[in-house]
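**Student:** Sharing a model that was predicted from the sequence below.
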Amino acid sequence: MSMIKVLIIDDEQHAINVLVDNLKGYKNYTLCGTAKSVEEAISLTQLLLPDLVFLDIILDKKTAFDYLKAFLPNIKFNIIFVTAHNTYAVKAFEYSALHFLLKPIDSEKFREALSRMNDRVSEEERLLRLESLEHNLIRTNGYKWIHIATIEKKYKIHSKDILFIASDSNYSHIYLLDKTKITTSKTLKHYTNLLQDSHFYKVHKSYLVNTEHLKTYNRKTGILKMKNNQLITVAERRRSRFSKLFFS
């Protein structure tokens, strides 16, 4: 088994130490260097050619993207982003389908981060995900780029283009404005957690709707019509709150 060369980039020495200590338990990974600044990180990356980079998002007055832009469009190394626990930042990573590790780091989180590296993606796909992450880390009126993988293909879609998401047991059907339907193995709960702080509302145990794409809503029957004329019934116990939030 070939050795995997690891570079750690973080502007805090104690954070570097934690990663170094955790890495010692993995025989096929070898530490080739550490860096505390973007400039030092760029220089070491060019010199050492690491296979895997642990990359902190904030590097003094610069960011991980200042470092990554030095290697575009051909980033040859895998990346595990390291970030302080922040709900908004975590969602940005989940939207973008990128690997990340939360601080404070423990051995179990570290192990899980390394295990996820088996998910190999093309250089083109990695670039798309990185572009999405940079966009998603900046608040953009609640909308985000989302990466979705299905059996047939991979999609990069903007959440503003989602009409609604329907549950189908352990699967979800995502309906877009352009009439595309995407079926994924993620549950409706997954998308509810991901989109709940945006323009989406779970009107029924089986439906999550983009409230900006509502056409009409009948308060008496609880039936709403989406822009594509799809009729969806709001669950009775959710009608009062739904009406107050969007029609008061």
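**Tutor:** Good, I have the coordinates.
**Student:** Next secondary structure element downstream of the longest helix seen in the chain?
**Tutor:** When the chain is parsed with DSSP state H, its longest helix is helix 123-136. Next helix or strand after helix 123-136 toward the C-terminus (DSSP states H and E): strand 145-149.
**Student:** residue contacts, the spatially most central residue of the chain?
**Tutor:** The structure's the chain has its C-alpha centroid closest to Glu94; by C-alpha atoms, centre = their mean the separation is 2.1 Å. Neighbouring residues of Glu94 by C-beta atoms under 8 Å, 6 or more residues apart in numbering: Leu194. The C-beta positions use only the backbone N, C-alpha and C, and glycine is treated the same way.
**Student:** could you show me where the helices are in this structure, in order?
**Tutor:** With helices called from DSSP H, the chain shows them at 13-23, 38-48, 64-68, 87-96, 107-115, 123-136, 188-195, 236-247.
**Student:** How confident was the prediction at the closest residue to Pro73 other than its chain neighbours?
**Tutor:** Nearest residue to Pro73 in three dimensions, chain neighbours excluded: Leu127, at 6.1 Å (C-beta to C-beta, 6 or more residues apart in numbering). Among the per-residue scores, Leu127 shows a pLDDT of 76.
**Student:** Counting neighbours, what do you get for Leu127?
**Tutor:** Close neighbours of Leu127, defined as other C-beta atoms under 10 Å, add up to 16.
**Student:** mind checking how far it is from Val82?
**Tutor:** 20 Å (C-beta to C-beta, to the nearest Å).
**Student:** does Leu72 really touch Arg126, like I thought?
**Tutor:** No - taking C-beta atoms under 8 Å as the definition, Leu72 is not a contact partner of Arg126, at 10.5 Å.
**Student:** For these two, indicate the residue with more neighbours.
**Tutor:** Arg126 (17 against 11).
**Student:** how about the residue of the chain most remote from its centre, what does it touch?
**Tutor:** Most distant residue from the mean C-alpha position of the chain: Lys220, 38.6 Å away (C-alpha atoms, centre = their mean). Residues near Lys220 by C-beta under 8 Å, 6+ apart: none.
**Student:** if I look at it, how far off is Ser243?
**Tutor:** Relative to Ser243, and taking C-beta to C-beta, Lys220 is found at 11 Å.
**Student:** ok, back up a step: among the helices of the chain, which is nearest Lys154?
**Tutor:** The closest of the helices of the chain to Lys154 is helix 123-136. By C-beta to C-beta, the value is 6.5 Å.
**Student:** what angle do that closest one and strand 145-149 make?
**Tutor:** Interaxial angle of helix 123-136 relative to strand 145-149 (axes from the mean of the first three to the mean of the last three C-alpha atoms, to 10 degrees): 140 degrees.
**Student:** Report the angle between helix 123-136 and helix 87-96.
**Tutor:** 150 degrees.
**Student:** burial measure for Ile194, as a count.
**Tutor:** Just so we're on the same page, residue 194 is Leu rather than Ile. Leu194: 18 neighbours (other C-beta under 10 Å).
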